[in-house]
Each structure stands twice: as structure tokens, then as C-alpha cells.
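>>> Okay, structure incoming, though there's no sequence with it:
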């Protein structure tokens, strides 16, 4: 594909470009640029005021520019005269280090210098709900165990098939769509790829799902726990590390009982070592902790972890080894920033390799039923505040991303916690009004 966006616009009859970036809270920001101006924008970037996004800037900061990366371009299948393109943030001639896409690219470069290349896939769960967000869209979707329910899936065929058709047209290689464990919940899977490609597609997927749902007078939400009694929205990540050519899987070892190499176990050890701090990125909202520390749902299981353990093909652990040569991280939820989860996985994994970190013993028990029997396993944070405090103390992530980046993220998240703490809930009134 040509690298000149103006040429691409003429070839593909694109009238407008969405020059986009994701801030530290995962909010997708953009400017709509006519194709007549895209040449200049590709050189200098689209201008933004950083203070207007979640980036820990002030009104006194100079202009921030999102310079579009032509390799990320995606023509909107449902509106083909518009193309989306990811931008990298610059200010005063330097990359903005607290930009999530820049954070990921820095870690990828760190890995590249070691001859390593991370490939990932994500499983994005979401609910289809009514427009005001008070209930699921399908009032006939009421089974206690609705997972894989064919009838409920087909009642949303028009929405699901349109999204999947779009992914097919984009060449993502989608291979299955299903009704998930909660009423009104769905998941759509596409092929894994290099981590930056996956992050760009993850970002666009969320935008696409919401847009298509709106076309059908519905609303899509990736909120971790929108309904108390139903399973929450996870965003599982499948991870493998390859050589610089991308042809040799460095996590694979046929001699190992689970098919993992020593490098894979060390990478895994890095994830486990930093799990509490990673939780602040994998589970970045107040609501996130109502998913990973939830009581049993009406289906019988939450399908989310609360303890730092790994096992074989066992979905009750934080990390599952479903096949040789890769592992699945089951901690992330639907609110996770697509770029920051990839960046932090790689940062923690590289630390594990550099320091030969031991992941500890494999567990094969049902953690939901027998988790209390596991001694010395770390527990995940109970709330966002605890996870942010763990992040602030994390030497691994501070060193990987820089103290200033972690400080900015923690500062904004602590402001969010303070705002939440100032909110008076009905539960408090019910429990303490007559104390």
C-alpha cells in the first residue's frame, strides 16, 4: 500500500480522514480531515489541545499534533468515503511519551533490539443493550446459561453479521462469533498479528461495534460489569513471542509438558511478578473490580480471576495455557486501553526474560471451588486505588515507561477515585442512615 495518504485517498475515493488517537483513559479522540488537506496533515499532524483529553496536561501546554501513520489506515466499510488512521502524538518536536500508542511502540522497539517480536490476539466481549443503557437489547434472552445460545445469537444476526462482514472485507481473518456467558453478551474473534496491528484493530473494533449497533438503534458497551448479576466483559489476550523474522515461535518447545520454552516461562514469570501493578492497566476503572472480585453470577461462574495463578487448559486461572507456544491472559476487561495492555504485557514480559523470573508452580485445580487451598498465591487488588498504589511502587513499569508517564497516569486515576469517593450512593443511605 502507498505511504502517501493523498494518493491513497484518490485511489480509494476517500473524502475524509479520521486522524485519531487514544488518551490514557482509552477514550478515542479524532479530527475529521478532508482529503484535500491530508497531505499537509501527514507532514505536520492534526492539532489538538492536550488538556482537552486525559493526558495530564494544562491549558498552558503548546499544541499537540497527531501525525497519522499510513500503515494503520482502515477505510470504514459502512461509510467508505471515510478512512480511520491512527496518529502518534508529538509536542514541541518530540513524541509525547504518555501517548499510549507511543508507549507501545517504545516497548516494541525495546524488544526489536533484542531480536524479539510479540504477536497477540484479543477476545473482545460486549453487550448489546437498549439506547438508554438500562437493559439488554433482547428481552427474550433470559436463559440461566445463555452461552452459545443459537436462538439468541440469530436474533441479533443483522448486527453480528454486519460487523463480521466488515472484518472479512478488511482482511482481519474473523473466524467465529458467539453469544457469550451473559444474557445479551457477544464475542467476535479474528486472527492474531503483530502487537501494534492488534492494538490498532482492537481500537477500531470497539468504534466499529458501537457504530454498527447505533445503525440498528441499539447500543454496544464494553463496560467491565454493566449488570450486577451477569458475567462481565473480559478482553482476554493471547500472547506469543517470535524471532525478528516473525517465522519462529520462541515460546514453543515440544519437549515441555505444556509446550512452552524457558523464555516463555520467564516471560510468564514477569507477568506474575508485576500482576498487582498490571491490574491498574488491565482493569483501569472503578467498575473493573466488580468483575474480578464478583460473586457467582446466575450462570454459575464469573469466568474472571481474583488470584495470581497459572495452569494448563483451565479457565479458572489468571493465565491459561490453551496450546503449546502461547498463553492466554484472562485478567483484562473491556475498559482496558488497547495500546497500554499490549505495552504493559511486553514490558513485564521482557523484565521476566531479563531477570529469569520464575512463574512458580502450575496449578490444575478449579480455582473457583478450591482456590482457598492454594498457599502463598498473590491476590489481585480489591479496588482501583490498591492497583494504582501497586503501580506507583512498581520498579518494573516505572523503568519501562518512565516515572513521568506512570506519575501522570496515577495522578489522573487517583482523581477519578477521589471523584468516585465523593459520590453518595443509595447503598450507603440504606446501610448507614439509621446508624
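Happy to help now that I have it. Model, not experiment: these values are computed from the prediction.

>>> next one: stretch 7-20 to chain centre, how far?
27 Å (Cα atoms, centre = their mean, to the nearest Å).

>>> Burial check on residue 379, number of neighbours?
Per other Cβ atoms under 10 Å, the neighbour tally for residue 379 reads 13. For the C-beta atoms, the positions are set from N, CA and C on the backbone; glycine is no exception.

>>> I figured it hits residue 308, correct?
Yes - between residue 379 and residue 308 there is a contact under Cβ atoms under 8 Å: 7.3 Å.

>>> My understanding was that residue 89 contacts residue 63; is that so?
No - Residue 89 is beyond contact range of residue 63, at 10.9 Å (criterion: Cβ under 8 Å).

>>> Could you check which of the two has the larger neighbour count?
Just comparing residue 89 and residue 63: by other Cβ under 10 Å the higher neighbour count belongs to residue 89, 26 against 12.

>>> can you pull out the strands in the stretch 301-435 of the chain?
Remark: strands assigned in the stretch 301-435 of the chain by DSSP state E, counting those that start in this stretch are 310-311, 319-320, 327-329.

>>> And the contacts of the lowest-mean-pLDDT helix or strand in the chain?
One helix or strand of the chain scores below all others by mean pLDDT, DSSP states H and E: helix 367-370, with a mean of 89. Residues outside helix 367-370 that contact it (Cβ atoms under 8 Å, 6 or more residues apart in numbering) are 296, 301, 302, 305, 307, 309, 314, 316, 317, 374.

>>> per-residue confidence for the nearest residue to residue 211 once chain neighbours are set aside?
Distances taken as Cβ to Cβ, 6 or more residues apart in numbering place residue 78 nearest to residue 211, at 6.6 Å, with adjacent residues excluded. Residue 78 carries a pLDDT value of 97.

>>> pretty sure residue 177 is in contact with residue 187, am I right?
Yes - here residue 177 reaches residue 187: they are 7.4 Å apart, a contact under Cβ under 8 Å.

>>> and the gap between residue 274 and residue 183?
35 Å (Cβ to Cβ, to the nearest Å).

>>> now do residue 156
12 Å.

>>> Low-confidence ranges, this structure, go.
Along the chain, segments meeting pLDDT under 70 span 1-2.

>>> what's residue 206 sitting at in phi/psi?
phi -60, psi -40 (degrees, to the nearest 10).

>>> which one is it nearest to, not counting chain neighbours?
In space, residue 206 is closest to residue 222, 6.0 Å off (Cβ to Cβ, 6+ apart).

>>> How many residues are close by that neighbour?
Neighbours of residue 222 (other Cβ under 10 Å): 21.

>>> got the phi/psi numbers for it?
Per degrees, to the nearest 10, the backbone of residue 222 is at phi -100, psi 10.

>>> Give me the three-state assignment for residue 20.
strand (DSSP: H, G, I helix; E, B strand; the rest coil).

>>> For it, give the beta-bridge partners.
As for beta bridges, residue 20 partners with residue 30, residue 86 under DSSP bridges.

>>> before we move on, back to that, now for the strands of the stretch 301-435 of the chain, which one comes closest to residue 48?
Closest to residue 48 of the strands of the stretch 301-435 of the chain is strand 327-329 (Cβ to Cβ; 31.7 Å).

>>> same for the closest one, what does it pack against?
With contacts taken as 3 or more Cβ pairs under 8 Å, 6 or more residues apart in numbering; DSSP states H and E, strand 327-329 sits against strand 235-243, helix 262-273, strand 319-320.

>>> Return the list of strands paired to that strand, each annotated with direction.
Per DSSP bridges, strand 327-329 is paired in its sheet with strand 235-243 (antiparallel), strand 319-320 (antiparallel).

>>> How much space separates the residue nearest to residue 206 from residue 302?
17 Å.

>>> cool, residue 41 as well?
45 Å.

>>> can you check residue 59 too?
Distance from residue 59 to residue 302, by Cβ to Cβ: 43 Å.

>>> now swap in residue 31 and tell me
In terms of Cβ to Cβ, residue 31 sits 40 Å off from residue 302.
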